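S.K.: only the shape, not the letters, is given here:
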């Protein structure tokens, strides 16, 4: 979001729109920067007034501004030629020879080249700058070239004061910068771009932006951490090295705002550092992601493993990090060497020019850790990782668990069954209460004491209620489970619980500190993060259910409630609690979450697949990362098996038909021969 352009500003001689070239508009940086600039009115960052560091934050980074006139026009290249042109890009440049690209660059007012994501773009970027420099005498209008580089060109710089290593580097120190060994080509590109801008500043001005590690809007370099935390498959998030290194960072939209200010201002400072104020360590960043998106656990590599991993990373020819353990492999298998180098950087930097001379509506001025909730929300929305919540209701033996299990496999959701929830909660309480005996810290002792008291209360409740646990404890366990990070990340399927109106009302109730009723008070209040989006009621007559249970193999019935007597009792209970007005289905109806009814007595498929397919149509497409390579391989194997099976059946059917036809022909031939023989015999008799 940017401020409107005032005609009073000293830009009357400038065109109302400018053409900006951005390389790789389909990459993480290129996409976000080009999209941001396409929404900016030319010169709007020069506007006096609102400072944007306060108040505007409430809009959030996902705020979509209204369309405006006089915005920057975006031209660009694609990293993957097969990708479609982004909507905000006016023209995608396709070329076979560099000369063709040069013609397009000459038509642009501003050229932005990012060399941080794709090392191959270093050569193209420096060539583009040199090609434009060679033609500057033929420019119709002044041009600007911005090289988007990395703080890694400062990675090996000597401290400004050996006695005080915490003094940060600023733009004023750029001549003293020393690059990381793997970023020497980047600093060469920086020097060439700065040099080319000194020939004729009136016609061709150049800038270098040393960007911190970018985050936000779906993530790039930090994505492997976000993904590992979201999936929850690893027991802890990995911190490479000691974790004490300071990692300079900047939100991708804040970086785009820096570029917008350069485009509008044409500042005299030609080398600009773009970082936020965070000064966070790698461990602080990883811990923030683990706490707010995962299970909160962080693991550091041992020094031996770290040295080994660093050695392997440095000397590998393919740029991939080798895996030290299975757990580490899960996290680092997609981590390129350049990313590994950047995560281990230790730099204190301060963006003095940005802070003193630019007007930026910061998304995350204080860094990732301070804005982690916003960053996680962006990550989920950008990648479509939104939880799916459903509830399967119905009488006993109707097939709730069978269907819920299949849906959880299809959507990769958590299957919430009452026995599992109780067992898991009791086990956690026992583990927590055991800490009291181990003499741990006082804070833990207090929690351990609470856990033991709750266990005692549950045990007493069971003894007084025929080994049943009271609803208050079950609902407490369910609330904890549904609000756990895995259920909040991926989502869940509730299998048969809650059963009554009151149970549902208590389970989905908002906490005291949360918001109350909806606007107008028409819809009762409820906890939005745990309320199912889809409610399915599986319907079937009692006789159908009794026949189904009677036909079950004896091994499946033994030790369960699915005996004839047990089913009759449970069916009676179910029908009784669903006769009144305040049924579980009424509860959802009142919230305008209308249950979908499916008659399973009409399902003629194996394992109730027809009912599952109907529910999949209701729930829609999965909202996750999709199948893994292993799952794709398994799907392909199953598809091949089904194809071969189908072909074998078709071949068998063809052979059967051919055999029948051959038999029919043989029968007819035999019948014809018999008739012919009969005619001959009759002729002989006549003769």
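M.R.: Done, it's in. Since the structure is predicted, the reported quantities are computational estimates derived from the model, not experimental observations. Numbering: from 1, shown residues only.
S.K.: can you give me the helices in the stretch 51-200 of the chain?
M.R.: 98-106, 121-134, 184-196 (DSSP state H, counting those that start in this stretch).
S.K.: likewise for the stretch 451-600 of the chain?
M.R.: Taking DSSP H, counting those that start in this stretch as the criterion, the stretch 451-600 of the chain carries its helices at 471-482, 485-489, 501-507, 542-550, 554-557, 564-577, 584-590.
S.K.: what does the fourth one contact?
M.R.: For helix 542-550, the external contacting residues (CB atoms under 8 Å, 6 or more residues apart in numbering) are 395-398, 557, 562-564, 567-568, 571, 575, 601. For glycine as for every other residue, the C-beta is placed from the backbone atoms N, C-alpha and C.
S.K.: what angle separates it from helix 564-577?
M.R.: Between helix 542-550 and helix 564-577, the angle comes out at 150 degrees (axes from the mean of the first three to the mean of the last three CA atoms, to 10 degrees).
S.K.: quick check: mean pLDDT across helix 542-550?
M.R.: Averaged across helix 542-550, pLDDT comes to 85.
S.K.: just checking the distance from it to the centre of its chain.
M.R.: Distance, stretch centre to chain centre, for helix 542-550: 44 Å (CA atoms, centre = their mean, to the nearest Å).
S.K.: so what does residue 358 have for phi and psi?
M.R.: phi -120, psi 150 (degrees, to the nearest 10).
S.K.: wait, it touches residue 260, no?
M.R.: No: between residue 358 and residue 260 there is no contact under CB atoms under 8 Å: 9.0 Å.
S.K.: looking at the contacts of helix 542-550, which is nearest residue 212?
M.R.: The closest of the contacts of helix 542-550 to residue 212 turns out to be residue 398 (CB to CB; 56.3 Å).
S.K.: leaving out the residues flanking it, which one is nearest to the closest one?
M.R.: residue 538 (4.5 Å; CB to CB, 6 or more residues apart in numbering).
S.K.: can you name the residues that contact the one you found?
M.R.: Residue 538 touches 392-395, 398-400, 403, 598, 600, 611, counting by CB under 8 Å, 6+ apart.
S.K.: residues in contact with stretch 467-485?
M.R.: Outside stretch 467-485, the residues touching it (CB under 8 Å, 6+ apart) are 232, 293-295, 416, 418, 421-422, 424-425, 454, 457-458, 461-462, 487, 492, 497-498, 502-503, 506-507, 529-530.
S.K.: now do the buried residues in it.
M.R.: 469, 471, 473-479, 481-482, 485 (16 or more other CB atoms under 10 Å).
S.K.: now swap in stretch 563-581 and tell me
M.R.: 567, 570-571, 574, 578.
S.K.: stretch 603-618 too?
M.R.: 603, 608, 611-612, 614-615.
S.K.: contacts for that stretch?
M.R.: Residues contacting stretch 603-618 (CB under 8 Å, 6+ apart): 390, 399, 402-403, 406-407, 410, 534, 536, 538, 596, 598, 600.
S.K.: possible to save those as CSV with pLDDT?
M.R.: Converted to CSV, the contacts of stretch 603-618 look like this (pLDDT from 0 to 100):
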residue, pLDDT
390, 96
399, 91
402, 93
403, 95
406, 94
407, 95
410, 93
534, 95
536, 95
538, 94
596, 95
598, 94
600, 91
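S.K.: select only the buried ones of those in ChimeraX?
M.R.: With 16+ other CB under 10 Å as the criterion, this ChimeraX line picks the buried residues out of these:
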select :390,399,402,403,406,407,534,536,538,598,600
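S.K.: inside strands: which ones of the contacts of stretch 603-618?
M.R.: 390, 534, 536, 538, 596, 598 (DSSP state E).
S.K.: quick one, what contacts the first one?
M.R.: The neighbourhood of residue 390, defined by CB under 8 Å, 6+ apart, consists of 407, 413, 491-494, 532-536, 615, 619.
S.K.: likewise for the third one?
M.R.: When contacts are counted by CB under 8 Å, 6+ apart, residue 536 touches 390-394, 403, 595-596, 598, 615, 618.
S.K.: if I look at the closest residue to residue 348 other than its chain neighbours, how far off is residue 151?
M.R.: The shortest distance from residue 348 to any non-neighbouring residue, by CB to CB, 6+ apart, is to residue 168 (4.1 Å). Distance of residue 168 to residue 151, given as CB to CB, to the nearest Å: 11 Å.
S.K.: of the two, who's got more company?
M.R.: residue 151 (28 against 17; other CB atoms under 10 Å).
S.K.: joint contacts of residue 358 and residue 260?
M.R.: Shared contacts of residue 358 and residue 260, counting by CB under 8 Å, 6+ apart, come down to residue 45.
S.K.: quick one, helices of the stretch 201-350 of the chain?
M.R.: Using DSSP H, counting those that start in this stretch, the helices of the stretch 201-350 of the chain run over 223-231, 252-265, 282-293, 303-315, 326-332, 337-343.
S.K.: and the top helix by length along the chain, average pLDDT?
M.R.: Taking DSSP state H as the criterion, the chain has its longest helix at helix 629-686. Helix 629-686 carries an average pLDDT of 87.
S.K.: do the same with stretch 20-27
M.R.: 96.
S.K.: contacts for that stretch?
M.R.: Stretch 20-27 is contacted from outside by 30-31, 33-34, 37, 72-80, 83, 86, 89, 92-93, 104-105, 108-114, 117-118, 121, 124-125, 263, using CB under 8 Å, 6+ apart.
S.K.: what about it, start to end distance?
M.R.: 16 Å (CA to CA, to the nearest Å).
S.K.: from the middle of its chain, how far away would it be?
M.R.: 23 Å.
S.K.: what does stretch 189-209 give?
M.R.: That offset, for stretch 189-209, works out to 39 Å (CA atoms, centre = their mean).
S.K.: re earlier: is it possible to export the buried residues of stretch 467-485 to CSV including pLDDT?
M.R.: Formatted as CSV, those follow (pLDDT from 0 to 100):
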residue, pLDDT
469, 89
471, 89
473, 92
474, 93
475, 94
476, 94
477, 94
478, 95
479, 95
481, 95
482, 95
485, 94
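S.K.: list the buried residues in stretch 231-244.
M.R.: 231-232, 234, 236-241, 243.
S.K.: same check on stretch 528-548?
M.R.: Quick answer for stretch 528-548 (16+ other CB under 10 Å): 530-532, 534-538, 540, 544-545, 548.
S.K.: kindly report the same for stretch 351-366.
M.R.: For stretch 351-366, by 16+ other CB under 10 Å, it's 351-354, 358-365.
S.K.: next one: stretch 185-201
M.R.: Here stretch 185-201 shows 186-187, 189-190, 192-194, 196-197 as buried, counting by 16+ other CB under 10 Å.
S.K.: distance of the closest residue to residue 567 other than its chain neighbours from residue 492?
M.R.: Distances taken as CB to CB, 6+ apart put residue 549 closest to residue 567, at 5.1 Å, once the chain neighbours are dropped. The gap separating residue 549 from residue 492 is 27 Å, by CB to CB.
S.K.: perfect, that will be all.
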